[in-house]
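When you get a sec, could you give me coordinates for this:
(2 chains)
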Amino acid sequence: NAGVTQTPKFRILKIGQSMTLQCTQDMNHNYMYWYRQDPGMGLKLIYYSVGAGITDKGEVPNGYNVSRSTTEDFPLRLELAAPSQTSVYFCASSFRPDRELNQPQHFGDGTRLSIL
Amino acid sequence: GDSVTQMEGPVTLSEEAFLTINCTYTATGYPSLFWYVQYPGEGLQLLLKATKADDKGSNKGFEATYRKETTSFHLEKGSVQVSDSAVYFCALFYGGATNKLIFGTGTLLAVQP
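The predicted model follows:
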């Protein structure tokens, strides 16, 4: 089982460059999420998607864009990289959240991004 | 708003010591509570969960009890191992239309042989 796969694992960007962080899952999950993890700050939700063609903003969406053309893929795009976007980015997925079933979110291994 | 507060780290223990990592929460409703673990270089993995007051979650020797009266979900383990060294995150979760996890800041545990 591959689970949630993120690429690349590491990347260094120059200020103003753009890039796409890839995320794919093979568990047929409806919901997908993007988080960033900053030291001492826990995880903050950037964007999430409840299904193909549907996306919504999380807590910290500025400077990012997402799309969800298929159930499996949920790429995150940085259009104009800024030093404040240096972080570790995690993609996660889950079945439709249901309090009774408590479907947990499954996380990828992360992408470590540095903007210099 | 809803939030999760964890004890500051790092927590440094010797092998076979008793572990407690404190977690308290503020919630407007009745969330489920989770503990996630992040090993070095990896993503987060669900460690244990509790869905209602007085529930006890347990896994791999770790335990946590959902205490509504003290709004707490402290993580405990009777005898830690070097392999338990990781960052531990407490989180609350509503599911349904809200469908979001709210994480604490994480607590680094370092276990020395």
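
Okay, now the unreliable bits of the chain?
Using chain A here. Low-confidence segments of chain A, defined by pLDDT under 70: A:1, A:97-103.

Switch to chain B, please.
Scanning chain B for pLDDT under 70 picks out the ranges B:95-99.

Next, the buried residues of stretch A:43-51.
Of the residues in stretch A:43-51, A:43-50 count as buried by neighbour count, 16 or more other Cβ atoms under 10 Å in any protein chain shown. Where C-beta positions appear, they are placed from N, C-alpha and C, glycine not excepted.

Can you redo the residues you listed as TSV, where the extra columns are distance to chain B and secondary structure?
Shown next, in TSV, are those (distance: Cβ to the nearest Cβ, whole Å; DSSP: H, G, I helix; E, B strand; the rest coil):
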residue	distance to chain B	secondary structure
A:43	5	strand
A:44	8	strand
A:45	6	strand
A:46	12	strand
A:47	12	strand
A:48	7	strand
A:49	11	strand
A:50	7	strand
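
Point me to the residue sitting closest to the centre of chain A.
By Cα atoms, centre = their mean, the mean C-alpha position of chain A lies nearest to residue A:34, the distance being 2.5 Å.

Disregarding residues adjacent in the polypeptide, which is nearest to residue B:58?
residue B:48 (5.9 Å; Cβ to Cβ, 6 or more residues apart in numbering or on different chains).

any idea how far that neighbour is from residue B:106?
16 Å (Cβ to Cβ, to the nearest Å).

Pick out whichever of the buried residues of stretch A:43-51 sits closest to residue B:81.
Comparing the buried residues of stretch A:43-51 against residue B:81 with Cβ to Cβ places residue A:43 closest, at 25.7 Å.

For the closest one, which residues are in contact?
Residues in contact with residue A:43 (Cβ atoms under 8 Å, 6 or more residues apart in numbering or on different chains) are A:35-37, A:90, B:44, B:89, B:101, B:103.

of these, closest to residue B:33?
Proximity of the contacts of residue A:43 to residue B:33 (Cβ to Cβ) peaks at residue B:101, which lies at 10.6 Å.

Thank you kindly, that will do.
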